[in-house]
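> structural data only, the sequence is not supplied:
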């Protein structure tokens with residue numbers, strides 16, 4: 001198992017923590033906005049509110065999934081398996097880790113997984 005350079009590991013950890021805080025702030029702001037929305041009004045207002053709530057739920061689900069990936073990446077850093085592709089078990093490219101620090105797959109691993117999913121999607 002390859003060990004990542006300490007400076008890359010610390011840079012990725014810092015980016016992950018920064019992104020985690022950003023997501024948690026977005027969740028908090030979204031909840032506050034929803035709580036302060038007008039509950040009365042005519043049919044059009046109520047429909048708009050329901051659509052906004054539906055959009056809020058979808059957004060929260062995406063943020064929750066992203067937060068989960070970030071938490072898993074932080075756990076991999078702690079256990080020493082960060083930066084290893086789950087598909088190929090080879091090191092993930094450092095440029096990829098810098099761009100997407102929560103990634104679990106190298107470019108090759110992502111391509112492999114995509115080709116398998118396309119094969120079985122028929």
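Perfect, thanks for sending it. This is a predicted model, so every value here is computed, not measured.

> how close does residue 90 get to residue 113?
Residue 90 sits 14 Å away from residue 113, going by C-beta to C-beta, to the nearest Å. (Glycine included, C-beta is placed from N, CA and C.)

> show me where the chain has its helices.
Assigned by DSSP state H, the helices in the chain fall at 6-35, 43-79, 94-99, 107-120.

> how about these, which one is nearest residue 86?
helix 107-120 (6.7 Å; C-beta to C-beta).

> gap between that closest one and the chain center?
Relative to its chain's centre, helix 107-120 lies at 19 Å (C-alpha atoms, centre = their mean, to the nearest Å).

> show residues contacting it.
85-88, 90, 92-93, 96, 105 (C-beta atoms under 8 Å, 6 or more residues apart in numbering).

> I'd like to know how many residues surround residue 103.
20 (other C-beta atoms under 10 Å).
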